[in-house]
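1. Here's my sequence, what's the structure:
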Amino acid sequence: EQSIRVWLCGGEIYVARDSRVAHVFRPSFPYKIDNTQVYYNKIRTVEVWFDDYKDYFYAADPYASTSLGLGIATRHARSMGPGE
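-> All right, here's what the predicted structure looks like:
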């Protein structure tokens, strides 16, 4: 979500050529990934940042428009308040 936020708000990301980035991989995941949380995060990002384009997301991913997605959309609409 942060890279999308930077892009949509006119920010910039700079490359520090002297920096090093690394990742240490584990032999297995120490925790289970819940796909419901993955979808929740995707839908939340779409609802908050992709106003005019969210229909494309829901058309490409029909599962997102189930009750999981509708619950997030409803909460987002409520948080906006009346008339917004």
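
2. Could you check how far F25 is from A59?
-> 35 Å (C-beta to C-beta, to the nearest Å). Every C-beta, even on glycine, is put in place using the N, C-alpha and C of the backbone.

3. So for the two, which sits in the more crowded spot?
-> A59 (10 against 5; other C-beta atoms under 10 Å).

4. need the contact list for that one.
-> Under the criterion of C-beta atoms under 8 Å, 6 or more residues apart in numbering, A59 has no neighbours.

5. and it, what element?
-> helix 54-60 (DSSP states H and E).

6. So which bits of that helix are buried?
-> 54, 57 (16 or more other C-beta atoms under 10 Å).

7. i'd like the first residue to be 44 from this point on
-> In the new numbering, first residue 44, that becomes helix 97-103.

8. what about that helix, distance to the chain center?
-> Distance, stretch centre to chain centre, for helix 97-103: 13 Å (C-alpha atoms, centre = their mean, to the nearest Å).

9. try stretch 51-58
-> 17 Å.

10. ok, and what's touching it?
-> By C-beta under 8 Å, 6+ apart, stretch 51-58 touches 46, 48-49, 92.

11. Select from these every entry located in helices.
-> Those of the contacts of stretch 51-58 mapping onto helices are 46, 48-49, 92, per DSSP state H.

12. Roughly how far does F100 sit from K85?
-> 8 Å.

13. shared neighbours of the two, anything?
-> Joint contacts of F100 and K85 (C-beta under 8 Å, 6+ apart) are A107.

14. tell me the helices in this protein, going along the chain?
-> Under DSSP H, the chain gives helices at 45-51, 78-92, 97-103, 110-123.
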